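Q: Provide a 3D model corresponding to the input given below.
(2 chains)
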Amino acid sequence: MSKTLAKLLFALAAIVVLGAMPVQAASNLSGELEIFSWWAGDEGPALEALIDIYKKENPNVKVLNATVTGGSGVNAKAVLKTRMLGGNPPDSFQVHAGQELIGTWVKADRMEDLTPLFKEQGWMKVFPEGLIKNIGTDKGIWSVPVNIHRSNVLWYIPANLKKWGVEAPKTWDEFFAIAPKLKKQGIVPLALAQNWTANHLWESVALAALGPDKWDALWSGKLAFDSPEAVKAWELFGKILEYTNADASSLSWQQATDMVVDGRAAFNIMGDWAAGYMSTTKKLAPGSGFGWMASPGTGGAFMFLADSFGLPKGAPHRDNAIAWLTLLGSKEGSDAFNPLKGSISARTDSDLSKYNDYAKSASADFAKDRIVGSLAHGVTANETFMGDFATVMEMFLKTRNAAAAGKMAQQIAVKSGIGK
Amino acid sequence: MREVSRDRIKAFLTLLPSIILIAVFVYGFIGNTVWISMTDWGGVASLAENPQKNFVGLQNYVELFTGFLDARFRQDLVNAVYYSVLLLAGAVGLGMFIAILLDRKPRGEDFLRTVFLYPMSLSFIVTGTIWRWLLAPQGGVNIVPTFFGGEKLTFQWLSSKQALLLFNWQHLLPVLLYVVAFVLIIIGLFTLKGDTPKALKRYLLPGLGLGACVWLFGDLLPQIYFMEEMHGFNLATLGIILATIWQYSGYTMALYLAGFNGISQDLMDAARLDGASDWGYYRHVAIPMLKPITISAVIILSHISLKMFDLIFAMTGPDNAETGHPALNMYLTTFRANEFSKGAAIAIVLFLLAAMFIVPYLVSSYRQRRARS
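A: Alright, predicted model coming up:
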């Protein structure tokens, strides 16, 4: 009881002094800092590394690590929503950068604009422009990206491809040329897992069918989902599904990756956390043990997703939270976190010697490629759209009706206000 | 007289705290959910400090049953019906069967009783994870026949896209009427032997008449949806139903076993003397005496089947439309898609369905008590 009272008082105090406080990263901070995230298990150590640095810089701050487990934050997001609705926000919380944050929290006027922090720290220059565009709106920048993952990656085992006499396809046409050959040998051409990985595959396919410009137009509301181009993406997707495994919906993404590693399937399209899985769990060497390239037809485009932390309005310990955000965006912080998490830094000046071979190649691509946002991981569309899109996907997997899927997607886009 | 009224006041005061708590935390929140389900709270800015909520009447419900984007809810609802019916039939039937076997007092009855009851003590998440592994397409149950030199099974327990008993959602009204007619006829046939005039007048003739009417004039009934939409019994739900029956048949077994033990030995001996076989004893003496137990088992299981969430979540994940359930849909709609009002509407639909099972029971037990006193 007294704790809630204290929290309330803190919140009141924070509201009173809001704005009057200078933005600073001094080490004479005290009190508490509550960080809300879904990083437990494999990702826990990476978060711990960050917290250790923070504790060294701010020895008087007591860090409360509030973790709610569950992949992709399925459970954490629901807990966060009830906390925010109940008027009890954490000091800083993890959220997928982009519309997942903007559509839910910025539109609800719950977040503070971080543009001053970005300017003060010189982050406008070290983060790529395409990234800043995706994490901000015309009213401000809303979160500090901690890591970058790539969504459009095709994974394979080079030795297996040699054995089967095929090469990794650069376009979907090349894929369709080799897929029947693989199928005849009893090999699944493309491994797929449960529903969300179908969304994941769809975004890579749609990016290939539309190209980066039209992909962006889709999300700014300039291109309709039932336009002929977008329907073509669904048709291409349907054609690709013919070459996937029939038991997809009962597999996890790791099991789909296993199919590739065991030689039961030739390729898999998955985010680059698969690199961490294959090198750490499966003990394969990047490059020689497993190979990768941009998914067919998307060379030169980097479809990103990022975890980021924001500053909710009414955070009980605002100064401590700002010191936390400053650490997250710093070179030191991101180079401590990312090698452990298996992702790359959002900064273009990171110290590449700390990263493995896959991350080096991804960083190089991140610096030069065209950057577009991921749908399946919350960058381009708000949560209302994403929730309904899962239904569209299920409908399509069942009926394979491209025109209907386009029409349905357009309806949910209108309903959820895409591009507004 | 004064003594009595003072007693009443004391009783009332003792009950008061729980009355207040239940009034606020149960009925108050049900009322609040009903209210939210009639607003448009959702979408952009739904999580603002003071979200805008406008009264829209029954629009959310209309959308759920006839909206283009809510086909998934309708499939989930159909699934829920099959989940309930099959869980009830399976768990009550299997539980009763095991209870009868154990009632014969085989050797090691105590041990077996524990074995059968044990699955109850596991949480659904644990059960779900175990059964997901057992029913994996490449292993588990599917490779059992290979141990006996047979062929590997290829049935996809949790991801089959096949469906049986398909019907068009457009024709929901005639389908419902057919079901009513069918049930009436079945009841009629069962009571035909005992009370022929009543069976004919109350069940058989109305059932046949209703069926014939729908068959002849069904086309005149309004279509509730603008395009064809097929729903049916998804075979992918079989795996989940199997796991639920596995978990709950032990529970119904315990209920029945307690009931059988409560029947006095005299009755059994009397039935034996009259020449009843084992089957006859259970069919005509024991099971009819356990009607209250059957009813409570049905009520408990039906509300469990309407709240099924964790098991499905553990076995097939949140986005497997084939095995969906309104409870899961409600969670996703509310907390993932931020559509609070629609989530509330789904919750209320589930609440009414649960009431459909429970209210008749409450009414009948109330009447019985009145009749007794």
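
Q: could you pull out the strands for the stretch 101-250 of chain A?
A: Taking DSSP state E, counting those that start in this stretch, the strands of the stretch 101-250 of chain A run over residues A:136-137, A:140-141, A:144-145, A:149-150, A:153-156, A:188-191.

Q: what residues does chain B put near chain A?
A: Taking CB under 8 Å from any CB of the partner chain as the measure of proximity, chain B contacts chain A at B:42-49, B:51, B:68-69, B:71-72, B:132, B:135-138, B:156-159, B:161, B:316-322, B:331-333, B:335-339. Every C-beta, even on glycine, is put in place using the N, C-alpha and C of the backbone.

Q: try 6 Å
A: Counting by CB under 6 Å from any CB of the partner chain, chain B comes close to chain A at B:43-45, B:47-48, B:72, B:137, B:156, B:158-159, B:317, B:319-321, B:335-338.

Q: which of those are buried?
A: B:43-45, B:47, B:72, B:137, B:156, B:158-159, B:317, B:319-321, B:335-338 (16 or more other CB atoms under 10 Å in any protein chain shown).

Q: B:Glu63: which element?
A: Using DSSP states H and E, the element containing B:Glu63 is helix B:59-66.

Q: wait, I meant A:Leu33
A: strand A:31-37.

Q: ok, that strand: who's next to it in the sheet?
A: Here strand A:31-37 is paired, per DSSP bridges, with strand A:61-67 (parallel), strand A:92-96 (parallel).

Q: now that strand: how far from the chain's centre is it?
A: What separates the centre of strand A:31-37 from the centre of its chain is 22 Å, taken as CA atoms, centre = their mean, to the nearest Å.

Q: can you count the residues close to A:Asn60?
A: Applying other CB atoms under 10 Å in any protein chain shown, we find 11 residues neighbouring A:Asn60.

Q: which positions in the stretch 301-420 of chain A make contact with chain B?
A: Neighbours of chain B within the stretch 301-420 of chain A, by CB under 6 Å from any CB: A:383-384, A:387, A:390-391, A:394, A:417.

Q: what's near enough to touch the residue nearest the centre of chain A?
A: In chain A, the C-alpha nearest the mean C-alpha coordinate belongs to A:Leu305, at 2.8 Å (CA atoms, centre = their mean). By CB atoms under 6 Å, 6 or more residues apart in numbering or on different chains, the contact set of A:Leu305 is A:149, A:151, A:374, A:377, A:379.

Q: and with 8 Å instead?
A: For A:Leu305, the contact set (CB atoms under 8 Å, 6 or more residues apart in numbering or on different chains) comprises A:96-98, A:148-149, A:151, A:271, A:373-374, A:376-379.

Q: picking that back up, can you redo the strands of the stretch 101-250 of chain A as TSV with distance to A:Asp42, mean neighbour count and mean pLDDT?
A: Formatted as TSV, the strands of the stretch 101-250 of chain A follow (distance: least, CB to CB, whole Å; neighbours: other CB atoms under 10 Å in any protein chain shown; pLDDT from 0 to 100):
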stretch	distance to A:Asp42	mean neighbour count	mean pLDDT
strand A:136-137	30	16	88
strand A:140-141	29	18	92
strand A:144-145	20	27	92
strand A:149-150	14	24	94
strand A:153-156	18	23	95
strand A:188-191	21	24	95
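
Q: B:Leu177: which of those strands is closest?
A: Closest to B:Leu177 of these, according to CB to CB: strand A:188-191, at 46.7 Å.

Q: residues in contact with the closest one?
A: A:175, A:178-179, A:182-183, A:201, A:240, A:243-245, A:256-257, A:259-260, A:264-269.

Q: buried residues in stretch B:205-214?
A: Buried, per 16+ other CB under 10 Å, within stretch B:205-214: B:206-207, B:210-211, B:214.

Q: CA atoms only for that stretch, dumped as CSV, please.
A: The C-alpha coordinates for stretch B:205-214 follow below in CSV (Å, rounded to 0.1, in the frame of the first residue of the first chain):
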residue,chain,number,x,y,z
LEU,B,205,-44.8,-34.8,-34.1
PRO,B,206,-43.5,-31.2,-33.5
GLY,B,207,-40.0,-32.4,-34.5
LEU,B,208,-41.2,-34.0,-37.7
GLY,B,209,-43.4,-31.0,-38.4
LEU,B,210,-40.6,-28.5,-37.8
GLY,B,211,-38.2,-30.5,-40.0
ALA,B,212,-40.8,-30.7,-42.8
CYS,B,213,-41.6,-27.0,-42.6
VAL,B,214,-38.0,-26.0,-42.8
